[in-house]
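Q: here is the input, now give the coordinates:
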Amino acid sequence: MMGTVAMDRPRLRLRLRPRTIPVRTIDAPPPAAALEHELGPHLDQLARVRTRRRLRRHRLYRTLRADIERVLDGFEWNIAGLPRRRALPTDAPLRAVAWNVERGKRFSALLGVLGGEPLLRDADLLLLTEVDIGMGRSGNRNVPRALAEALDMGYVFANYHLVLAPGDSAERHHGEDNTLGLHGAALLTRLPVQRFWAVALPEFTDKFHSLEKRLGSKRALLCELALPDGPLLVVVVHLDPFAPPNHRAAQLKIVVDAIERTGIHRVLLGGDLNTNTYHLGSKAGLALDVLHKLVRFGFDGTVRQYMTPEQVFERRVFAALAAAGLQTDGFTDPSTGTMYYDIRDPELRDKSLAYLPPRVLAWLERKLQPWNGCVPMRIDHFAGRGLNAVRALTLPPARHEGERVSDHVPIVVEFTA
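A: Residues are numbered from 1 along each chain as shown. Below you'll find the model as predicted:
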């Protein structure tokens, strides 16, 4: 895909503010808690409401609002017995993995890779984004709980959305109703959890009006873990893929401000920062991005920008990290893409046609022939503060018994604290 808003364009105006419900911190959490609700019978009726304004006035919504807000700002976790599962770390490096698991909708393949690849199976921390609970597209499975039980890890799940649709454009025909309709991020851990909380991030566009109709917004999950010589703060982040880069930078600044308020020096931040160098929030925005990039860099130069997002188009995202002393050098492998735009992939072609006329897509297919129709992008990242990165690597695209797991690949960092 081509182009994003240049960083020297006019200042972004956030269209939606973060939800104003106070941040709820779970201190000294009990061993386990489930995030459940009885909203299921009402989700179809809420989904039929056409606009956000009508929703706010809708009698059913006003009746259910308190429970909806509880779910949107809710957590689920099971950290029972964590100190017994693994001896507290000594001087040996800890290993963390960040992976956008694409809902967990190919669960058997996902579990097969996580359980079969030693770099993943033996990880101390799994920072997972795009994680479902009770979504038909992922078999109405509790994905974080099932993964944690299979890997003998604890987990904390922070919900983002109450989903009122089957899924996105490629997830409309699975034929299963959502039982809970929850979607968020999770940390799977072998280290003791002291407390956790989440910070709401402003949406660029209201997802209530998107194809995958939903309530809520993305949140950054912050977990304070216990090490022998003090706390480690682990932050799981998923920035907006459909916004301009300066909006992603504004989201990340909110995360960084939350980190600073903790007073914890040692920090590991990781996840899908969506540094795709694009403004996908509108067709007009995308068209302007394409034109800007082609004029400035040419086609080949535009493709090269995907592997160096920190240099031009996403530099404000990385500047926000650097301003907080969060170092990316050494924590993320710069030589390998973490997502591949493969024009041959039927699902990706369908998504591309939502933005591009067929003739433009055909032109793009011809231009991508030198790359065999598939170009790498670096959009998933780790950053650390007060930590020593020992090794960083990116795994190849994950498959299990021939089935692709996700549209992203896992990234790994080993570090000492």
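
Q: helices of the stretch 301-417 of the chain, start to end?
A: Using DSSP state H, counting those that start in this stretch, the helices found in the stretch 301-417 of the chain span residues 315-323, 346-353, 358-367.

Q: residues in contact with the second one?
A: Which is helix 346-353. Here helix 346-353 makes contact (CB atoms under 8 Å, 6 or more residues apart in numbering) with 1, 168-170, 341-343, 361, 364, 407. Glycine gets a C-beta too; all of them are placed from N, C-alpha and C.

Q: buried subset of those residues as a PyMOL selection?
A: Restricted to buried positions by 16 or more other CB atoms under 10 Å, the PyMOL selection for the contacts of helix 346-353 reads:
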select buried, resi 1+168+341+342+343+364+407
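
Q: would you list the contacts of helix 346-353 in CSV and tack on pLDDT and distance to E149?
A: Formatted as CSV, the contacts of helix 346-353 follow (pLDDT from 0 to 100; distance: CB to CB, whole Å):
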residue, pLDDT, distance to E149
M1, 37, 37
D168, 89, 28
S169, 79, 32
A170, 81, 28
Y341, 88, 34
D342, 89, 33
I343, 87, 38
L361, 87, 42
L364, 89, 43
D407, 93, 25
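
Q: and the furthest pair within the contacts of helix 346-353?
A: By the measure CB to CB, D168 and L364 form the most distant pair in the contacts of helix 346-353, at 20.7 Å.

Q: related to what we said a few turns ago, ok, which of the helices of the stretch 301-417 of the chain comes nearest F208?
A: Among those, helix 346-353 sits nearest to F208 (CB to CB), with 20.2 Å.

Q: before we move on, the earlier item: what is the nearest of the contacts of helix 346-353 to H247?
A: Looking across the contacts of helix 346-353 and measuring by CB to CB, the closest to H247 is M1, at 17.3 Å.

Q: which residue ranges of this protein form helices?
A: 43-47, 52-57, 59-72, 82-85, 107-116, 118-121, 143-151, 245-262, 283-305, 315-323, 346-353, 358-367 (DSSP state H).

Q: ok, and what's touching the first one?
A: When contacts are taken as CB under 8 Å, 6+ apart, the neighbours of helix 43-47 outside the stretch itself are 55, 58, 60-61, 64, 162, 164-165, 178, 181, 213, 215.

Q: the residues you listed: which two are farthest apart?
A: Farthest pair in the contacts of helix 43-47 (CB to CB) is H58 and N178. Separation: 19.5 Å.

Q: more neighbours: these two, which one.
A: Each of H58 and N178 has its neighbours counted (other CB atoms under 10 Å); N178 has more, 24 against 16.

Q: do I have it right that that one meets D132?
A: No - with contact defined as CB atoms under 8 Å, N178 does not count as touching D132 (9.0 Å).

Q: which residue sits closest to R266, ignoring its sequence neighbours?
A: Ranked by CB to CB, 6 or more residues apart in numbering and with sequence neighbours excluded, the top spatial neighbour of R266 is G386, at 3.8 Å.

Q: can you get me a residue count around the one you found?
A: If you count neighbours by other CB under 10 Å, G386 ends up with 16.

Q: how about the contacts made by P241?
A: Going by CB under 8 Å, 6+ apart, P241 touches 274, 276, 280.

Q: can you read off the pLDDT for the residue lying closest to L182 once chain neighbours are set aside?
A: Distance criterion CB to CB, 6+ apart; nearest residue to L182, sequence neighbours excluded, is I133 at 4.0 Å. Looking at I133, its pLDDT is 98.

Q: surely I133 touches V71?
A: No - using CB under 8 Å, I133 is not in contact with V71; the gap is 10.4 Å.

Q: where's L356 relative to R172, distance?
A: L356 sits 20 Å away from R172 when distances are taken as CB to CB, to the nearest Å.

Q: quick one, which of the two is more surrounded?
A: L356 (20 against 13).

Q: and the residue nearest to that one when sequence neighbours are not counted, how far from R296?
A: Nearest residue to L356, sequence neighbours excluded (CB to CB, 6+ apart): L364, at 7.0 Å. As judged by CB to CB, L364 and R296 stand 18 Å apart.

Q: same question, Y160
A: On the measure of CB to CB, Y160 and R296 end up 35 Å apart.

Q: for these two, indicate the residue with more neighbours.
A: For Y160 versus R296, neighbours defined as other CB under 10 Å are more numerous around Y160 (25 against 13).

Q: correct me, but the more buried one touches A185?
A: Yes - using CB under 8 Å, Y160 makes contact with A185 at a distance of 7.1 Å.

Q: in this structure, where is pLDDT below threshold?
A: Residues of the chain that meet the criterion pLDDT under 70 lie in 1-22, 84-90.

Q: which residue of it sits farthest from its center?
A: R59 (33.1 Å; CA atoms, centre = their mean).

Q: residue contacts, it?
A: Contacts for R59 (CB under 8 Å, 6+ apart) come out as none.

Q: before we move on, back to that, could the helices of the chain be laid out in TSV, adding distance to P202?
A: Output for the helices of the chain, formatted as TSV (distance: least, CB to CB, whole Å):
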stretch	distance to P202
helix 43-47	22
helix 52-57	15
helix 59-72	14
helix 82-85	33
helix 107-116	30
helix 118-121	33
helix 143-151	25
helix 245-262	7
helix 283-305	17
helix 315-323	14
helix 346-353	24
helix 358-367	31
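
Q: run a quick neighbour tally on M153.
A: M153: 24 neighbours (other CB under 10 Å).

Q: same check on Q194?
A: The burial count for Q194: 17, using other CB under 10 Å.

Q: try P118
A: 7.

Q: so it versus P358, what's the distance?
A: P118 sits 44 Å away from P358, going by CB to CB.

Q: just P241 next, same as before
A: Distance, P241 to P358, by CB to CB: 23 Å.

Q: ok, now P30?
A: To P358, P30 is 55 Å away according to CB to CB.
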